[in-house]
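Engineer: here's a sequence, model it:
(one chain, ligands or ions: 1)
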Amino acid sequence: MAYYCLRCKRVVELKADSQGVRCPYCGYRALKKERPAVLVKKVKAV
Ligand SMILES: [Zn+2]
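Structural biologist: This is a model prediction of the structure:
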């Protein structure tokens with residue numbers, strides 16, 4: 001399942017989707033299951 005971090009907007013691949021859901025990049029614990037398709041169009045990838 002592909003998630004994306006609500007903080008750094010990075011796409012995160014997680015194996016466990018029940019618990020321990022955390023962004024490996026910034027450590028934020030709020031991830032969304034949807035693809036940031038709209039966000040990608042608005043935010044420039046650095
Ligand atoms: Zn993050």
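
Engineer: give me the pLDDT value at residue 39.
Structural biologist: Residue 39 is assigned a pLDDT of 54 by the prediction.

Engineer: for the chain, which residues are neighbours of the ion?
Structural biologist: Contact residues, the chain versus the ion (CB under 5 Å from the ion): 5, 7-8, 23, 25-26, 28. Yep, even glycine has a C-beta here, placed from its N, CA and C like the rest.

Engineer: show me where this structure has helices.
Structural biologist: Here the chain has its helices, by DSSP state H, at 37-42.

Engineer: touching, residue 2 and residue 15? I think so.
Structural biologist: No - contact between residue 2 and residue 15 fails when scored by CB atoms under 8 Å: they sit 11.5 Å apart.

Engineer: low-confidence regions, the chain specifically.
Structural biologist: In the predicted model, the chain carries pLDDT under 70 at residues 16-19, 34-46.

Engineer: residue ranges for the strands of it, please.
Structural biologist: Along the chain, counting by DSSP state E, strands occupy 2-5, 11-13, 31-32.

Engineer: what's the second one in contact with?
Structural biologist: By CB atoms under 8 Å, 6 or more residues apart in numbering, the list of residues contacting strand 11-13 from outside reads 1-5, 23-25, 31, 35-36.

Engineer: redo that, cut-off 6 Å
Structural biologist: Identification of contacts with strand 11-13 by CB atoms under 6 Å, 6 or more residues apart in numbering yields 2-5, 23.

Engineer: show me what that strand pairs with in its sheet, parallel or antiparallel.
Structural biologist: Paired neighbours of strand 11-13 in the sheet (DSSP bridges): strand 2-5 (antiparallel).

Engineer: buried residues, the strand it pairs with. List them.
Structural biologist: If you call a residue buried by 16 or more other CB atoms under 10 Å, then strand 2-5 has these buried ones: 3-5.

Engineer: closest to the ion among those?
Structural biologist: Among the buried residues of strand 2-5, residue 5 lies closest to the ion (CB to the ion), at 3.0 Å.
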